[in-house]
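**Student:** Okay, predicted coordinates and the sequence, questions at the end:
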There are 2 protein chains.
Amino acid sequence: MKRRHLLPLALLAGAIVAWQRSSAPNAASPVAYPEGYRSWTHVKSTVISPAHRNFANTGGFQHIYANTEAMVGYRTRTFPEGSIVVFDWIEMRDRNGAFEEGPRRQLDVMVRHARFASTGGWGFQRFVKDSKTEVATAPSPEQCFACHDHLRKDGLILSTYRD
Amino acid sequence: MKRRHLLPLALLAGAIVAWQRSSAPNAASPVAYPEGYRSWTHVKSTVISPAHRNFANTGGFQHIYANTEAMVGYRTRTFPEGSIVVFDWIEMRDRNGAFEEGPRRQLDVMVRHARFASTGGWGFQRFVKDSKTEVATAPSPEQCFACHDHLRKDGLILSTYRD
C-alpha cells in the first residue's frame, strides 16, 4: 500500500510547488507592490492640468510617497538599501477650476536593492490602475532606468522633499 | 544672610514662571502647532487652479494630513479624542500647464478634544505661512466651527480618505 502512494504524493508535491510559483504576486517581476505605501511620508505633489500638451496621457495628480529608508535618502541624497519610492498617478476632475482627485491611472515604484545592479541599483515597476499584480509592459525597467539616468543630478531619484 | 536672600529668590522664581508662560508656544491659543504632521498619513488633495474665481486668495494645492487617531476617524467616521487633521495650503506655479508646489500659504489645524465643547468638540487654528507660532486673527475658531457645522454630513470633518 505504502509504495503505491509515493508517486502520486510526489506528483502532488511538485504540482503544489509549481502552483505557488505561478500564483506568486508579480512572478514575472522583481519589484513587489508596495503594500501600505499610503501611510508612508508624502514627499511632494505636482499636477498636469488640462492646459498641458500631455494631459490626455498624464493628466491629473502625481503624488510621491517614501518609506522610512527612502526618507533618509531624501535628507542625505544617499538612498540606503530597502528604500522604496512610489509615484502615484491619480486622474483629475475639473469643477469650475477646482481640481478634484479621480480614479488611479497607474502606480510607479522604485526599489533600492543590490540585485538591481544592471539598472543603477534600483528596480522599477509600473502597476496598472489599482491592481497589485498587473504590471505595464511598457516602459520596461531598462527604459525607466535610461531616462532617470539621463535626467539625474545626484542620483536616480529626481524629486526633492517639500517641507 | 539667609533671610536677605529669600525675597530676591521669590521674585526670581515668580519671574521665571511668568517668562515660561509668556514664551510658551501659542500662549494665546488652545491649539498647538502640529509638530511632525508631514510624516502623518496623506488623506487626499485638491487644487484651486488659475481658472477658479477665488484663485487670488486660495489658489494652489490643498493637502490634508491625519494623525493615527484621526485615521481611525476617517475609517469609522467617529473621530476619537486626540484626532488631529491638518489642511496644508501650498501656493502653485504654472509651468506650461504643469502645476508645481510653491511656498506655504497657511496651515489649518483641527484638534478633537473635550475642552473644545463650545465648538463641537473640535479646536480650530490657522497658522500663517511657515510660522509655528503666528496665528491668523480671522477666521476665528467660532467662524471655522460655524461653517464646518453648516456643511457637515456626518461630522465636522468634511473630507474623506482617498485610498
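**Tutor:** Yes, it's here.
**Student:** Nearest the geometric middle of chain A, what residue?
**Tutor:** In chain A, the centroid-proximal residue (Cα atoms, centre = their mean) is residue A:109; its distance is 2.0 Å.
**Student:** Quick one: residues contacting that one.
**Tutor:** A:31, A:33-34, A:84-87, A:123-127 (Cβ atoms under 8 Å, 6 or more residues apart in numbering or on different chains). (Glycine included, C-beta is placed from N, CA and C.)
**Student:** average pLDDT across the helix or strand encompassing it?
**Tutor:** Using DSSP states H and E, residue A:109 maps to strand A:98-112. Averaging pLDDT along strand A:98-112 gives 98.
**Student:** just checking, what packs against the helix or strand just after that strand?
**Tutor:** Next helix or strand after strand A:98-112 toward the C-terminus (DSSP H and E): strand A:122-128. With contacts defined as 3 or more Cβ pairs under 8 Å, 6 or more residues apart in numbering or on different chains; DSSP states H and E, strand A:122-128 has these neighbours: strand A:98-112, helix A:141-151.
**Student:** if we can go back for a sec, considering the contacts of residue A:109, which possesses the most neighbours?
**Tutor:** residue A:85 (28 neighbours; other Cβ atoms under 10 Å in any protein chain shown).
**Student:** ok, what's across the strand from the closest residue to that one other than its chain neighbours?
**Tutor:** Spatial nearest neighbour of residue A:85, excluding adjacent residues (Cβ to Cβ, 6 or more residues apart in numbering or on different chains): residue A:110 at 4.7 Å. Residue A:110 forms beta bridges with residue A:85, residue A:124, as assigned by DSSP bridges.
**Student:** Could you report the neighbour count for residue A:110?
**Tutor:** Residue A:110 is flanked by 27 other residues according to other Cβ under 10 Å.
**Student:** Please apply the same query to residue A:100.
**Tutor:** For residue A:100, the count of nearby residues is 17 (other Cβ under 10 Å).
**Student:** Quick one: residues contacting it.
**Tutor:** A:92-93, B:46.
**Student:** mind running it again at 6 Å?
**Tutor:** Going by Cβ atoms under 6 Å, 6 or more residues apart in numbering or on different chains, residue A:100 touches A:93, B:46.
**Student:** Over to residue A:145?
**Tutor:** A:119-120.
**Student:** mind checking pLDDT for it?
**Tutor:** If you check residue A:145, the pLDDT there is 96.
**Student:** Distance of it relative to residue A:53?
**Tutor:** From residue A:145 across to residue A:53, the span is 25 Å (Cβ to Cβ, to the nearest Å).
**Student:** What of residue A:43?
**Tutor:** 25 Å.
**Student:** swap in residue A:35?
**Tutor:** Applying Cβ to Cβ to residue A:35 and residue A:53 gives a distance of 35 Å.
**Student:** More neighbours: which of those two?
**Tutor:** More crowded of residue A:35 and residue A:53, by other Cβ under 10 Å: residue A:53, with 11 against 8.
**Student:** If I look at the more buried one, what pLDDT would I see?
**Tutor:** On the pLDDT scale, residue A:53 gets 98.
**Student:** what do you get for residue A:24?
**Tutor:** Residue A:24 is given a pLDDT of 40.
**Student:** returning to that earlier point: ok, the residue nearest to residue A:85 - contacts?
**Tutor:** Contacts of residue A:110 by Cβ under 6 Å, 6+ apart are A:85, A:122, A:124.
**Student:** Surely residue A:93 touches residue A:102?
**Tutor:** Yes - with contact defined as Cβ atoms under 6 Å, residue A:93 and residue A:102 form a contacting pair (5.1 Å).
**Student:** of the two, who's got more company?
**Tutor:** For residue A:93 versus residue A:102, the count of surrounding residues by other Cβ under 10 Å is larger for residue A:102: 14 against 11.
**Student:** what residues does chain A put near chain B?
**Tutor:** Contact residues (Cβ under 6 Å from any Cβ of the partner chain) of chain A with chain B: A:39, A:41-42, A:44, A:46-49, A:51-52, A:97-101, A:162.
**Student:** Mind checking which of those are buried?
**Tutor:** Among the residues of chain A next to chain B, those scoring as buried are A:41-42, A:44, A:46-49, A:52, A:98-101, A:162 (criterion: 16 or more other Cβ atoms under 10 Å in any protein chain shown).
**Student:** Appreciated, that's everything.
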